[in-house]
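Student: need the 3D shape of this:
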Amino acid sequence: MLEFHLSTAIWTVVNLVVLYLLLKKFLFKPVTAMIESRQQEIEHNIAAAEDQRIKAEAMLEEYDDKLKNAQHEAGQLIAQAKMRAEHEYQTVMKRAQLDAKRLTEETEQQIEAERQTMLSGVRKEVATLALMAAARVSAHGRNSDEDDALIESFLSEVGDPS
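Tutor: A predicted model of the protein is given here:
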């Protein structure tokens, strides 16, 4: 059976106390210190992460504001560009209309000048033909200087029909 000896029990208790003291000094204190150190490091990391989260939220808000401002500025720039383009379009159109009007007027003036030149030439030809016909009818010879004088006289009498 089991025997119980007091001396063995005392030595067992002494061994347990010594073992406890040794474990406390060499195991429990370093492990506890390491656990506390790790706990402080974790708390520090949590605090740092919270700071980073706050900074990230602030930066996000700042970027959102900048994005809104950039979109607003882009809208303004687009509106200004449209206004400038419309103004430039109107200017070009006015210039083109003025150029077209000027060209039309110049063309009309050239046409009128050519018409007058042709009418003058036609009148001289008609007068020459009329004198030739009159000369033949009267059987009179043709004298160039007299004929030219008669043509000029005839044209001045007839006048400019325009």
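Student: and the helices in this structure?
Tutor: Counting by DSSP state H, the chain has helices at residues 6-23, 29-138, 144-158.
Student: including mean pLDDT, could those go into CSV?
Tutor: What follows is those, written out as CSV (pLDDT from 0 to 100):
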stretch, mean pLDDT
helix 6-23, 91
helix 29-138, 91
helix 144-158, 72
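Student: so of the ones you listed, which one's packed in deepest?
Tutor: Highest mean neighbour count among those (mean count of other C-beta atoms under 10 Å): helix 144-158, with a mean of 12. Glycine gets a C-beta too; all of them are placed from N, C-alpha and C.
Student: give me the helices and strands touching that one, please.
Tutor: For helix 144-158, the packing partners by 3 or more C-beta pairs under 8 Å, 6 or more residues apart in numbering; DSSP states H and E come out as helix 29-138.
Student: the helix it packs on vs helix 144-158, what angle?
Tutor: If you take axes from the mean of the first three to the mean of the last three C-alpha atoms, to 10 degrees, helix 29-138 sits at 110 degrees to helix 144-158.
Student: does anything pack onto helix 29-138? Which helices or strands?
Tutor: Short answer (3+ C-beta pairs under 8 Å, 6+ apart): helix 29-138 packs on helix 144-158.
Student: contacts for the helix it packs on?
Tutor: Here helix 144-158 makes contact (C-beta atoms under 8 Å, 6 or more residues apart in numbering) with 123, 124, 127, 128, 130, 131, 135.
Student: now with 6 Å, please.
Tutor: When contacts are defined by C-beta atoms under 6 Å, 6 or more residues apart in numbering, helix 144-158 is touched by residues 123, 127, 131.
Student: for the first one, give me its contacts.
Tutor: To tie it back to what came earlier, the one meant is residue 123. So residue 123 contacts residue 155 (C-beta under 6 Å, 6+ apart).
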